[in-house]
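Participant: coords below, sequence missing:
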Ligand code: NAD
Ligand code: MG
């Protein structure tokens, strides 16, 4: 047997939920993966314990945290180099010694470093779906030009990736040129905590009820997105860019058990699906080892217990955010940026207790209506639309509370 060379990995957003799952897989394969760098935004204690366990050469923190974290590192007799702020994130993601970048920062904050990794030709393990929603065209172009690899770890996209022909897996973005007999992509959705509740229940939902996902344990933002099904909307846009499929050929189906993680439908009538326990370590391990396979520590799926798998159509009146994503994608990139920005502000406002859960969709709809058609050719253009849309969302929130 030949030995597989060790991969150097940078984990952006190491202190989050995807960060946890990634570090869990890494710790099971110390011979295969070496953590070169980690980043964390708020939980410094957690970031420090990660540094103690994995001894990365680099750690990136926010500018305001530099001094206190430097002190914590020195108290712990650790000598990793501190990188700072957004520039530090991009520096880490493009270091010559880094092979793989796990993009697991939440929201627009993850875009610049993910784009930098794409431009630098890295293998990107993408969790940060917002980066593709905001900058799908730019990201895919950068990946192609620099020969980077973009491997999805969002469970649905990873499932679709696994069900695609090898030729499509290895040459990004080829479905459109030669469809390989692919008819449709099917994104499964759990339906979140309000699937069996009414819109009135959703109106009255507490923060705790909204972030309590039935099957997955995740960060706060994506948990709220799952409750409104904005998450599936963002994933629809993500899938369209990743696999070069128009949204008209991507279907969303609610599958409350979260066992089938998504499907690819072929012209001959075949549906290929990937199944597994709802645990992010499976898609992460898949992407980390691709095209090989490694163990992930995930609880084995007990096939004999799967007596009941359901598939139902989503209710677009209750889950308005999903419809908004189809609409934004039809309008163009500028609208996707606006929708994502508005949603980030609205979700934060909900988590702050300033608005109701159902206000999120209304705010997103209003901001989407205000979005002005324009060509998007650069990161600056993206960030300008993002900024304006955030201001408009703040204004909508102020109007609601006036
Ligand atoms: P999380 O909130 O648990 O972690 C987010 C990470 O980003 C943390 O390390 C945090 O320190 C960092 N961060 C937050 N704001 C930052 C900023 N302004 N600048 C720099 N770093 C910042 O979130 P998560 O659930 O791990 O999700 C991360 C990403 O992965 C999201 O885009 C989410 O949609 C995607 N994703 C998550 C899951 C999941 O199961 N958790 C599944 C699929 C996709
Ligand atoms: Mg997902």
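Facilitator: That came through, no problem. Just so it is clear, the model here is predicted, and its values are computed rather than measured. Ligands and ions are numbered 1, 2, ... in the order given.
Participant: hmm, who's touching the one helix or strand residue 117 maps to?
Facilitator: Here residue 117 is covered by helix 111-119, with elements defined by DSSP states H and E. Here helix 111-119 makes contact (C-beta atoms under 8 Å, 6 or more residues apart in numbering) with 12, 86, 89-90, 92-94, 101, 103, 105, 124, 126, 128, 130-131, 134-135, 138-139, 142-143, 145-146, 148, 150, 379, 382. Glycine gets a C-beta too; all of them are placed from N, C-alpha and C.
Participant: neighbours of the closest residue in space to residue 396 that isn't next to it in sequence, how many?
Facilitator: Leaving aside its chain neighbours, residue 396 sits nearest to residue 363 (4.5 Å; criterion: C-beta to C-beta, 6 or more residues apart in numbering). Here the number of neighbours of residue 363 (other C-beta atoms under 10 Å) works out to 25.
Participant: go on, residue 165?
Facilitator: Residue 165 has 15 neighbours, counted by other C-beta under 10 Å.
Participant: out of everything not next to it in sequence, what's closest to it?
Facilitator: Residue 165's closest residue in space is residue 180 (C-beta to C-beta, 6+ apart), at 5.0 Å.
Participant: so where is the stretch 151-300 of the chain shaky, pLDDT-wise?
Facilitator: Applying pLDDT under 70 to the stretch 151-300 of the chain flags the ranges 172-177.
Participant: show me the helices in it, by range?
Facilitator: 155-163, 166-170, 199-203, 207-210, 220-228, 230-243, 281-289 (DSSP state H, counting those that start in this stretch).
Participant: the last one vs ligand 1: in contact?
Facilitator: What it means is helix 281-289. No - applying C-beta under 6 Å from any ligand atom, one finds helix 281-289 out of contact with ligand 1, separated by at least 8.1 Å.
Participant: and the stretch 101-250 of the chain, which residues reach ligand 2?
Facilitator: 154, 155, 156 (C-beta under 5 Å from the ion).
Participant: what sits against the last one?
Facilitator: Taking C-beta under 8 Å, 6+ apart as the contact definition, residue 156 lies against 187, 188, 235, 239, 261, 262.
Participant: separation between it and residue 117?
Facilitator: As judged by C-beta to C-beta, to the nearest Å, residue 156 and residue 117 stand 22 Å apart.
Participant: cool, and residue 236?
Facilitator: Taking C-beta to C-beta, one finds residue 236 at 24 Å from residue 117.
Participant: residues touching the residue nearest to residue 165, list them.
Facilitator: Applying C-beta under 8 Å, 6+ apart to residue 180 gives the contacts 164, 165, 167, 168, 174.
Participant: switch the cut-off to 7 Å
Facilitator: Counting by C-beta atoms under 7 Å, 6 or more residues apart in numbering, residue 180 makes contact with 165, 167, 168.
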